[in-house]
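Visitor: My questions are about this predicted structure, shown below with the sequence.
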Amino acid sequence: MSDARVLLVGAGGLGSPAALVLARSGVRRLTLIDDDQVDLSNLHRQVLYDDGDVGHSKVHRAAKRLEREGATVEVIEGRLLPPIAVDLVGRFDLVIEGADNFATKFLTSDACQLAGVPVVQAGAVRWAGWALASLPGRSACLRCVFEDIPRDRVETCAVAGVVGAVVGVLGALEAALAIRLLHGDETAAGELWSYRALAAHPLRASRVRPRAGCSCRERTLPDPLTVERYAPPPCTNP
């Protein structure tokens, strides 16, 4: 597992705890891609950073933190974009996605399906969230669950906010699913985990079957991927 090459798409609330757990668990070859800077308002949920990192590049500050845990870290200061997505994810043994928008989530999922690379994904808003691991061609993918990028107005953590503890739980769960896959436990794939912090039984898992007609099953994903396919829905804010 120490030789596994892992790409983390997003170094924020989900990517921070996932990366830290992986580094401390012996995954030593990490690559981070993110185009954002550390903001004071994010420190409650982005555990890789502290006050001294505010205003600086997330990936560079995260790399310094993870290198103290013994990891070798490559940084890509930018966004995952359709023209490069398949080639980029194809360099890795596993991808962990923790973006804050559906366009990047679906792009990551589709690119990993085309490249044949296992992917672990998660999302969170307010007090709740989910996590899913996928093995291309062998388990359900993100499209099997959500079908496509929502075109109606949907809440995201950027608009509705998210509780720091929620992304901490889900980021650690992403790392746990990733470690299982890296150890050869394919039963991790297709498990959809939901976390509702305010529920009496907050953590639940269910087995998701590949959806009939999903592009991952019918092999109808476009290649190359295009920017237009992953354009976010138009803003509906007044």
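Guide: Sure thing, it's come through.

Visitor: Check which residues of stretch 26-34 are buried.
Guide: For stretch 26-34, burial by neighbour count (16 or more other C-beta atoms under 10 Å) applies to Val27, Arg28, Arg29, Leu30, Thr31, Leu32, Ile33, Asp34. The way it works is simple: take the backbone N, C-alpha and C, and place the C-beta from them, glycine included.

Visitor: any residues touching it, and which ones?
Guide: Residues outside stretch 26-34 that contact it (C-beta atoms under 8 Å, 6 or more residues apart in numbering) are 1-12, 15, 19, 22-23, 58-59, 62-63, 66, 70-80, 88, 92, 178-179, 182.

Visitor: Helix or strand with the lowest mean pLDDT in this structure?
Guide: None of the helices or strands of the chain scores lower by mean pLDDT, DSSP states H and E than helix 157-160, at a mean of 57.

Visitor: helix or strand right after that one?
Guide: helix 164-182 (DSSP states H and E).

Visitor: Hmm, Leu203 and Ala128 touching each other?
Guide: No: applying C-beta atoms under 8 Å, one finds Ala128 not in contact with Leu203, separated by 10.9 Å.

Visitor: joint contacts of those two?
Guide: Residues touching both Ala128 and Leu203 by C-beta under 8 Å, 6+ apart: Ser194, Tyr195.

Visitor: Now do the contacts for the nearest residue to Val227 once chain neighbours are set aside.
Guide: In space, and not counting its chain neighbours, Val227 is closest to Pro82: 5.2 Å by C-beta to C-beta, 6 or more residues apart in numbering. Shown in contact with Pro82 (C-beta under 8 Å, 6+ apart): Leu107, Pro224, Leu225, Thr226, Val227, Arg229, Tyr230.

Visitor: want to try a markdown table for those, with neighbour count and secondary structure as columns?
Guide: Shown next, in a markdown table, are those (neighbours: other C-beta atoms under 10 Å; DSSP: H, G, I helix; E, B strand; the rest coil):
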| residue | neighbour count | secondary structure |
| --- | --- | --- |
| Leu107 | 26 | helix |
| Pro224 | 11 | coil |
| Leu225 | 20 | coil |
| Thr226 | 11 | coil |
| Val227 | 11 | coil |
| Arg229 | 15 | helix |
| Tyr230 | 21 | helix |
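
Visitor: min pLDDT across these, which one?
Guide: The lowest pLDDT within these belongs to Pro224, with 86.

Visitor: isn't that one right up against Ile84?
Guide: No: between Pro224 and Ile84 there is no contact under C-beta under 8 Å: 9.8 Å.

Visitor: middle-most residue in the protein, spatially?
Guide: Among the residues of the chain, the one closest to the centroid is Glu97, at 1.5 Å (C-alpha atoms, centre = their mean).

Visitor: is it true that it touches Val120?
Guide: Yes: shown here, Glu97 and Val120 form a contact pair, counting by C-beta under 8 Å, at 7.1 Å.

Visitor: quick one: what helix or strand has Ala63 in it?
Guide: Assigning secondary structure by DSSP H and E places Ala63 in helix 58-67.
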